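1. here's a sequence, model it:
(one chain, ligands or ions: 1)
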Amino acid sequence: MRALTVEEARRRAADVAVRSYRVEFDLTGPGDTFVTTSRIRFGSDSGVTWVDVKPERLISVELNGQALDPAQLDGGRFPLSDLQAENELVVAAEMRYAADGEGLQRSVDAADGRVYTYGMSSLESAPRYFPCFDQPDLKAPYTITVRCPEDWVVMGNGAATRTAPGEWELAETKPLSSYFVTIVAGPYHQVRSEHDGIPLGLACRQSLKDDLDRDADDLFRTTREAFDEYHRMFRQRYPFGEYWQAFVPDFNLGAMENPGCVTFADSMVFRSQATEAERSTRARVVVHEMAHMWFGDLVTMKWWNDMWLNESFAEYMAHRVSEEATSYGGTWTDFAFVRKWWGLQTDQSSSTHPVAPDSLKDARQSLDDFDGISYAKGAAVLKQLAKYLGDDVFLEGVNAHLEAHEHGNADLHEFIAKLTEAGAHDLGTWSDQWLRTSGLDTITVERTAGGVVLHRKSPDGSRRLHKLSIGGYDETGAGPIVDLTLDQDSIEVALGNDCAVIVPDANDDTWAKIRLDATSLANLPAVLPTITDGTTRAVIWNSIRDATADGELDPRQALGLFLTTIQHEDSDIAAGSLVRWLEDRVLGGYLDYDEYRGPVADALSNKLARTAPGSSLQLITARGVIATTDDAEWLKSWLEGADSPAGLKIDADLRWSIVLRRVRLNAAGAAEIDAELARDKSTEGVNQAARCRAALPDGKEAAWTRIMTDPTVGVKELLAAAEGFWHPGQAAITAPYVRQFFTDIPRTGAIRAGMVIGLTVHRIAPRFAIDADLIGPAEALIADESVVPGIRRQTANFLDDLRRAVEVRRSFG
Ligand SMILES: [Zn+2]
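-> Model (predicted):
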């Protein structure tokens with residue numbers, strides 16, 4: 001099916017004005033399908049258009065009382081002609097439930113056999129479960145009814161009322177874009193509350209009831225705190241009535257900002273212990289989705305090239321509001337370690353793009369831009385903008401923008417216009433430097449005879465202006481922080497050239513590659529642990545990680561810095577991020593796995609012995625130990641409740657990570673996996689078992705076949721299997737699959753749709769095969785235009801990482 005192009009969308013938006021939708025869902029039938037009837041009232045200027053519908057079977061189409069032939073459906077579009085000025089279209093279709101998280105997803109809970117559904121409409125998915133004009137700038141109010149089993153509840157964009165047993169009606173909504181329409185229907189567990197006149201609700205599967213109930217106060221508190229802060233910042237109140245947060249199964253993003261009924265991946269209902277960092281991350285997702293109620297839902301982009309206006313804004317607000325108004329702190333340190341690191345890598349990849357691209361991709365290609373640029377770089381750029389303009393001007397512009405376009409659509413030019421009216425000057429230059437170009441400057445520091453000089457090197461002629469701070473630290477981690485504006489290629493800094501360590505952008509304000517000088521690098525092992533600001537430590541580690549990836553810094557030196565400083569690291573965000581980096585990139589990537597695994601395991605074991613019982617740091621360190629130790633017997637004793645660290649609860653998910661490690665060490669097999677699944681008969685247990693089975697030496701072939709050829713595997717189970725497949729300790733066993741990836745993966749584009757395609761490629765590309773001979777096959781796949789965009793994009797990311805790892809090994813191997 002072809003994807004909607006921007007030209008088609010513009011033409012249809014000019015021709016068609018949608019007045020209202022009335023959509024009836026009948027979910028009472030048996031089997032894999034359901035029936036939807038959309039009644040759409042719309043005006044037309046040109047007399048011809050089409051409606052989007054991707055059914056299993058089109059039952060009937062009636063336009064202004066005239067029956068049309070369903071056989072006219074062509075590639076997801078039903079052509080409409082002889083339109084009047086005002087029209088009524090009624091389309092009835094048999095639809096197939098989605099198994100890939102897009103459309104109307106239907107999942108069966110392994111714990112109890114109960115069935116849960118929810119709608120995910122983003123990008124091209126809405127016509128997979130209801131006929132509509134599927135583009136962001138054709139908004140209309142929706143009235144939705146649902147027939148379903150009598151023991152179900154229904155939630156959606158409008159407040160739900162049960163009109164009869166098994167029959168529900170959702171209140172008419174404000175004008176909505178098709179991509180954020182949803183229904184959530186099933187025997188969900190619900191928790192209700194209220195704040196400031198807004199009815200609040202939480203929902204999840206029955207099998208997660210106790211876990212959600214335990215955290216309901218925490219989730220409601222964050223929601224209340226964020227509503228208060230948004231109501232302080234924005235002149236419009238939350239406009240969509242009730243506010244439900246539904247935690248749903250097999251969800252393949254973090255969350256989706258459906259007005260009035262946000263859907264979240266239900267992995268965010270913590271059934272096992274979570275670290276403070278994970279709780280804080282979940283709070284930020286809550287706050288992020290709430291920001292979308294204004295940016296995205298109240299005012300919506302016209303086309304997907306301005307998706308950054310949604311995501312960058314929500315991402316910036318999520319961190320800002322979490323830090324300033326919720327009970328969770330350390331937000332910007334987390335941003336630096338996790339989100340910014342993601343964006344910095346993306347901005348140096350072959351697939352980077354401007355934050356606000358001019359290029360007018362079609363709807364399907366736009367999916368690829370839900371990446372580190374649209375989220376992290378855009379958020380960092382908005383943070384710079386707010387600092388540059390001052391908060392009064394920034395918020396005045398934002399509010400004027402929201403008021404001018406409420407319940408409508410707007411683009412970047414209109415946003416810039418409102419900021420300018422609010423008092424901003426010369427935003428054209430700023431926009432060209434930060435939004436219209438891709439790539440990033442490198443900022444280096446030089447100690448001269450008389451002092452310190454900061455240098456800016458641009459990959460293009462952008463001459464980006466940076467507002468940043470430079471820290472100069474002595475052996476005790478103390479020292480001055482100097483603010484400056486870097487508006488030329490070299491600038492003197494008021495710092496002594498005898499500082500032990502000099503850190504450009506010490507507060508992580510700008511967007512650039514940061515490089516430390518040789519003296520600072522040499523002093524880091526001693527000085528890094530004494531620097532108390534976690535964000536500055538994150539800036540240093542991002543510089544170290546980036547210089548390593550660029551082949552400028554010996555990976556053994558980077559690893560050495562980790563080994564000497566990890567004992568002193570008290571942030572679970574830092575420890576968790578660095579261990580993940582070692583697992584993903586360093587051990588088996590830049591460095592030989594067998595040679596360097598042991599020192600990492602020893603360092604983490606030493607740290608584990610000294611962390612406070614029951615602390616987040618203990619939990620995150622224990623996970624690192626489990627992933628790296630080769631002492632399978634020690635881990636077995638943890639499972640048996642003996643010899644595990646005091647205060648560490650060996651709960652369901654920690655048990656599974658131990659089983660996974662024991663499988664990889666050849667100390668456990670299918671019997672141990674089956675026994676664990678017998679203890680944990682949940683959906684989560686099924687997914688964990690899939691991860692472990694893919695790690696079995698004799699389970700590789702079955703896992704590979706499922707991943708590459710089976711369209712029926714649930715999203716989470718599929719991704720778990722892909723995660724279990726590759727491990728540097730199993731290089732000999734997986735060697736035959738390395739080249740097979742390039743021949744098999746293109747076919748997955750034919751058996752799956754949407755986001756899950758790229759998510760699978762990201763996990764199943766052979767990332768520990770550091771072999772220059774793979775560059776050719778990867779290039780050929782990327783160049784093959786018959787392969788779906790998501791596969792080529794993720795293979796391009798794989799190739800970028802491969803090239804870097806090959807280069808690092810060539811330089812330092
Ligand atoms: Zn978002």
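2. going forward, measure contacts and count neighbours with C-alpha atoms only.
-> Noted.
3. so which residues of the stretch 651-800 of the chain form helices?
-> For the stretch 651-800 of the chain, applying DSSP state H, counting those that start in this stretch gives helices covering 652-664, 670-679, 683-695, 700-709, 715-725, 731-744, 748-751, 755-764, 775-783, 789-812.
4. immediately after the lowest-mean-pLDDT helix or strand in the chain, which helix or strand?
-> Lowest mean confidence among the helices and strands of the chain (mean pLDDT, DSSP states H and E): helix 363-366, at a mean of 76. Toward the C-terminal end, the helix or strand that comes next after helix 363-366 (DSSP states H and E) is helix 378-389.
5. show me what the helix or strand following that next one is packed against.
-> As assigned by DSSP H and E, the chain's next helix or strand after helix 378-389 is helix 391-404. Packing contacts for helix 391-404, counted by 3 or more C-alpha pairs under 8 Å, 6 or more residues apart in numbering; DSSP states H and E, involve helix 412-421.
6. again, 10 Å this time
-> Packed against helix 391-404, as judged by 3 or more C-alpha pairs under 10 Å, 6 or more residues apart in numbering; DSSP states H and E, are the following elements: helix 209-233, strand 299-301, helix 378-389, strand 408-410, helix 412-421.
7. name the residues that touch that helix?
-> The contact list for helix 391-404, computed with C-alpha atoms under 10 Å, 6 or more residues apart in numbering, reads 233-236, 294-295, 298-300, 382, 385-389, 406, 408-410, 414-424.
8. starting at the chain centroid, how far to it?
-> How far helix 391-404 lies from its chain's middle: 27 Å, per C-alpha atoms, centre = their mean, to the nearest Å.
9. flag the shaky bits of the stretch 351-500 of the chain, pLDDT-wise.
-> 359 (pLDDT under 70).
10. what's the answer for the chain, then?
-> For the chain, the stretches flagged by pLDDT under 70 are 359.
11. the helices of the stretch 651-800 of the chain: which one's closest to residue 449?
-> Closest approach to residue 449 among these (C-alpha to C-alpha): helix 789-812, 31.4 Å.
12. alpha carbons of the closest one, in PDB - could you do that?
-> Provided in PDB are the C-alpha atoms of helix 789-812 (Å, rounded to 0.1, in the frame of the first residue of the first chain):
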ATOM      1  CA  PRO A 789      12.600   2.300   4.600                       C
ATOM      2  CA  GLY A 790      12.600   1.200   8.200                       C
ATOM      3  CA  ILE A 791      14.900  -1.800   7.500                       C
ATOM      4  CA  ARG A 792      17.300   0.300   5.400                       C
ATOM      5  CA  ARG A 793      17.400   3.100   8.000                       C
ATOM      6  CA  GLN A 794      18.200   0.700  10.800                       C
ATOM      7  CA  THR A 795      20.800  -1.100   8.700                       C
ATOM      8  CA  ALA A 796      22.400   2.300   8.000                       C
ATOM      9  CA  ASN A 797      22.700   2.900  11.800                       C
ATOM     10  CA  PHE A 798      24.200  -0.600  12.100                       C
ATOM     11  CA  LEU A 799      26.700   0.200   9.400                       C
ATOM     12  CA  ASP A 800      27.700   3.500  11.100                       C
ATOM     13  CA  ASP A 801      28.500   1.600  14.300                       C
ATOM     14  CA  LEU A 802      30.300  -1.200  12.400                       C
ATOM     15  CA  ARG A 803      32.500   1.300  10.600                       C
ATOM     16  CA  ARG A 804      33.400   3.000  13.800                       C
ATOM     17  CA  ALA A 805      34.200  -0.200  15.600                       C
ATOM     18  CA  VAL A 806      36.300  -1.500  12.700                       C
ATOM     19  CA  GLU A 807      38.200   1.800  12.700                       C
ATOM     20  CA  VAL A 808      38.700   1.700  16.500                       C
ATOM     21  CA  ARG A 809      40.100  -1.800  16.300                       C
ATOM     22  CA  ARG A 810      42.300  -0.900  13.400                       C
ATOM     23  CA  SER A 811      43.700   2.100  15.400                       C
ATOM     24  CA  PHE A 812      44.100   0.500  18.700                       C
END
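13. so for it, what gets flagged as buried?
-> 789-809 (16 or more other C-alpha atoms under 10 Å).
14. do the same with stretch 59-73
-> 59, 60, 61, 62, 63, 70, 73.
15. got a markdown table for those residues, with secondary structure too?
-> Formatted as a markdown table, those follow (DSSP: H, G, I helix; E, B strand; the rest coil):
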| residue | secondary structure |
| --- | --- |
| 59 | strand |
| 60 | strand |
| 61 | strand |
| 62 | strand |
| 63 | strand |
| 70 | helix |
| 73 | coil |
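16. adding distance to residue 342, write these out as CSV.
-> Shown next, in CSV, are those (distance: C-alpha to C-alpha, whole Å):
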residue, distance to residue 342
59, 46
60, 47
61, 47
62, 49
63, 49
70, 47
73, 42
